[in-house]
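Engineer: Got a predicted structure here, sequence first:
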Amino acid sequence: MHFLFVNAQELEALMELPYIQRLTYLMGIRPYMDRETHIVGIKRRISYQSLREALYVAPIAGVKTGSPSQQQVKRAVKSLERAGLIEIKSTTRHLILKCLLAEGHQSFPKQADPRPNPKAAINPTHFWPFKI
């Protein structure tokens with residue numbers, strides 16, 4: 001199972017932004033970030049259309065449904081760049097973004113596996129203080 005970890009800096013930067021910009025970042029951009037390079041759009045391509053699809057609201061009575069327009073999504077991405085959350089590194093054909101405030105998935109330090117204790121395998125009652 002994959003998890004989306006958002007740090008305090010990202011949340012603080014998103015706090016004052018409109019909902020469409022928050023959702024664009026949290027639902028359309030951040031889940032597809034490469035955790036080593038913090039770049040979105042190279043290993044798994046994204047587009048303005050895929051962002052529109054991520055922001056789609058299914059029909060519910062009394063709720064505005066559908067997807068935002070492509071222009072709305074482009075404005076949301078530009079405003080995320082102005083807010084300092086992303087840097088646009090797109091080419092003429094591909095949408096490429098860098099998440100500037102994201103942290104890599106380095107929550108646990110890499111450690112070598114400890115060697116098994118050969119004495120524990122030979123004498124299984126070694127740690128049991130009572131006689132059976």
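Structural biologist: Good, I have the coordinates.
Engineer: Which other helices and strands does the biggest helix by length in the chain contact?
Structural biologist: Counting residues, the longest helix in the chain under DSSP state H turns out to be helix 70-82. Judged by 3 or more Cβ pairs under 8 Å, 6 or more residues apart in numbering; DSSP states H and E, helix 70-82 is in contact with helix 19-23, helix 48-54, strand 86-88. In short, each C-beta sits where N, CA and C put it, glycine included.
Engineer: how about a cut-off of 10 Å?
Structural biologist: Counting contacts by 3 or more Cβ pairs under 10 Å, 6 or more residues apart in numbering; DSSP states H and E, helix 70-82 packs against helix 19-23, helix 48-54, strand 86-88, strand 97-99.
Engineer: okay, that helix in PDB with CA atoms only?
Structural biologist: The C-alpha coordinates for helix 70-82 follow below in PDB (Å, rounded to 0.1, in the frame of the first residue of the first chain):
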ATOM      1  CA  GLN A  70      -8.100  23.200 -18.800                       C
ATOM      2  CA  GLN A  71      -7.600  27.000 -18.300                       C
ATOM      3  CA  GLN A  72      -8.600  26.700 -14.700                       C
ATOM      4  CA  VAL A  73      -6.100  23.800 -14.200                       C
ATOM      5  CA  LYS A  74      -3.300  25.800 -15.900                       C
ATOM      6  CA  ARG A  75      -4.000  28.800 -13.700                       C
ATOM      7  CA  ALA A  76      -4.000  26.500 -10.600                       C
ATOM      8  CA  VAL A  77      -0.600  25.100 -11.600                       C
ATOM      9  CA  LYS A  78       0.800  28.600 -12.200                       C
ATOM     10  CA  SER A  79      -0.400  29.800  -8.900                       C
ATOM     11  CA  LEU A  80       1.200  26.800  -7.100                       C
ATOM     12  CA  GLU A  81       4.400  27.900  -8.700                       C
ATOM     13  CA  ARG A  82       3.900  31.400  -7.500                       C
END
